[in-house]
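K.L.:
got a predicted model here, sequence first, then my questions.
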Amino acid sequence: MHSGLRIADRVGQQIPAQWFALGILINILLARGRVQEAQELSDRYNYGQVVPNAVVYPDSEAVYSELLIARGLRTDAEERLRAVGRRLEPRGMRNPMWCPWRPLLAQTIAHTDPAEAAAIAQEALDIARRFGTPGAIGRALHAAAKVASGADSLAMMAEAVRQLERSPAAFELAQALVDHGAMLSRAGLPQDAADLLMRGLESAALCGADALAARAREELAASGLRPLQLRTIDSDSLTSQEKAVAHRAAQGWDNRRIAEELGTKERTVELLLSGAFRKLGTNRDGLAGLLPQQPRGTGLKGVPGH
């Protein structure tokens, strides 16, 4: 993205390509915990101070609001996010992946106005369900879970994880895994929490989310647990087990049939497919176009849970 921004700079100032590069780069820096670097980049380009006339992905005001939240400036972030809503709603622009301002606003005001936060989060979830993709639904569920309380919060966070496992959204899944693990730890379920926190730690480390990985380690330590040695995982190629389930899913098999065919648990199939989705950058519908012809005789020998 730094390279892309340099190219955009040569073309001209405040053009869509430059806004795109800046928005993505700031998001990446925030995900890696490099808040000061993100702020310096924003200041250098006056990002967030000028709203582009063109429709740009990601929405610049929403991205700038995330930067304000990361800096702890929640009141300023709330004002910005409400302005995003006033700008986009009259135009009917509700794509939850392009500009997820509702989940961000719900989390921003959760401590000052829990009732409004819950209502906004529910509206975001309704929109995401109509949009229909697991990534959008999972992200909205994650936000709704964080502003809910008690058993509802745990149930929504568990569903958020299951939805995100069906998508290529590696970072969002890692976030949900760590948050779910932290919730379970505080609910007095340390073993369940440990499993989720370790998965979240591995996922965060794989996609370079340094700040999230550090938080996962802190949550494990707070629970009296010591992180295990992270497995070395090739993030660019599928394992033989992932190939086995992915090829069958691409042929239209459901998870139960795959589990029965390969003699493993249905939950194991779900987790292997989740890994394939993240590595290939697709969901179940896109597998057939990305996988080579399935070699015969592929199985799941040695898969945990076999």
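P.N.:
That came through fine.

K.L.:
hmm, Q175 and R199 touching each other?
P.N.:
No: the criterion here is CB atoms under 8 Å, and R199 misses it with Q175 at 11.9 Å. All C-beta atoms are positioned from the backbone trio N, CA, C, and that covers glycine.

K.L.:
looking at these two, which one has more neighbours?
P.N.:
Between R199 and Q175, counted using other CB atoms under 10 Å, Q175 has the larger neighbour count: 25 against 21.

K.L.:
mind checking pLDDT for that one?
P.N.:
At Q175, the pLDDT value in this model is 95.

K.L.:
contacting residues for it?
P.N.:
Q175 sits next to H142, G200, A209, L212 when contact means CB atoms under 8 Å, 6 or more residues apart in numbering.

K.L.:
among those residues, which ones are in helices?
P.N.:
H142, G200, L212 (DSSP state H).

K.L.:
out of those residues, who's nearest G72?
P.N.:
Here the nearest of the ones in helices among the contacts of Q175 to G72, counting by CB to CB, is L212; it sits at 17.5 Å.

K.L.:
residues contacting the residue lying closest to that closest one once chain neighbours are set aside?
P.N.:
Spatially, and ignoring its direct neighbours in sequence, L212 is nearest to A204 (4.1 Å; CB to CB, 6 or more residues apart in numbering). Shown in contact with A204 (CB under 8 Å, 6+ apart): F171, A174, V178, D210, L212, A213, A216.

K.L.:
ok, now with 10 Å
P.N.:
31, 170-171, 173-175, 177-178, 210-217 (CB atoms under 10 Å, 6 or more residues apart in numbering).

K.L.:
ChimeraX command for the buried members of those?
P.N.:
Remark: buried members of the contacts of A204, expressed as a ChimeraX selection using 16 or more other CB atoms under 10 Å:
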select :31,170,171,173,174,175,177,178,212,213,215,216,217
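
K.L.:
tell me which of the contacts of A204 fall in strands.
P.N.:
Nothing among these maps onto strands, per DSSP state E.

K.L.:
between the contacts of A204, which sits nearest V269?
P.N.:
The closest of the contacts of A204, once distances to V269 are taken by CB to CB, is L173, at 16.7 Å.

K.L.:
surely the closest one and Q163 touch.
P.N.:
Yes: with contact defined as CB atoms under 10 Å, L173 reaches Q163; the gap is 9.2 Å.

K.L.:
between the two, what contacts are shared?
P.N.:
Shared contacts of L173 and Q163 (CB under 10 Å, 6+ apart): G135, G138, R139, H142.

K.L.:
how far does the helix or strand hosting the residue nearest to L212 sit from its chain's centre?
P.N.:
Take DSSP states H and E as the rule and A204 turns out to sit in helix 190-206. Centroid displacement of helix 190-206 relative to its chain, using CA atoms, centre = their mean, to the nearest Å, is 15 Å.

K.L.:
only C-alpha atoms, please: export it in CSV.
P.N.:
Extracted C-alpha coordinates of helix 190-206, given in CSV (Å, rounded to 0.1, in the frame of the first residue of the first chain):
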residue,chain,number,x,y,z
PRO,A,190,-11.0,-21.0,31.4
GLN,A,191,-10.6,-24.1,29.2
ASP,A,192,-13.1,-22.9,26.5
ALA,A,193,-11.5,-19.5,26.7
ALA,A,194,-8.0,-20.9,26.2
ASP,A,195,-9.0,-22.7,23.0
LEU,A,196,-10.4,-19.6,21.5
LEU,A,197,-7.6,-17.3,22.7
MET,A,198,-5.0,-19.6,21.2
ARG,A,199,-6.8,-19.7,17.9
GLY,A,200,-7.2,-16.0,18.0
LEU,A,201,-3.5,-15.6,18.8
GLU,A,202,-2.5,-17.8,15.9
SER,A,203,-4.8,-16.1,13.5
ALA,A,204,-3.6,-12.6,14.5
ALA,A,205,0.1,-13.7,14.2
LEU,A,206,-0.6,-15.1,10.7
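
K.L.:
what sits against M97?
P.N.:
Here M97 is in contact with Y57, P58, A128, F131, T133, G135, A136, R139, A169 (CB under 10 Å, 6+ apart).

K.L.:
using the three-state scheme, assign it.
P.N.:
Of the three states, M97 takes coil according to DSSP: H, G, I helix; E, B strand; the rest coil.
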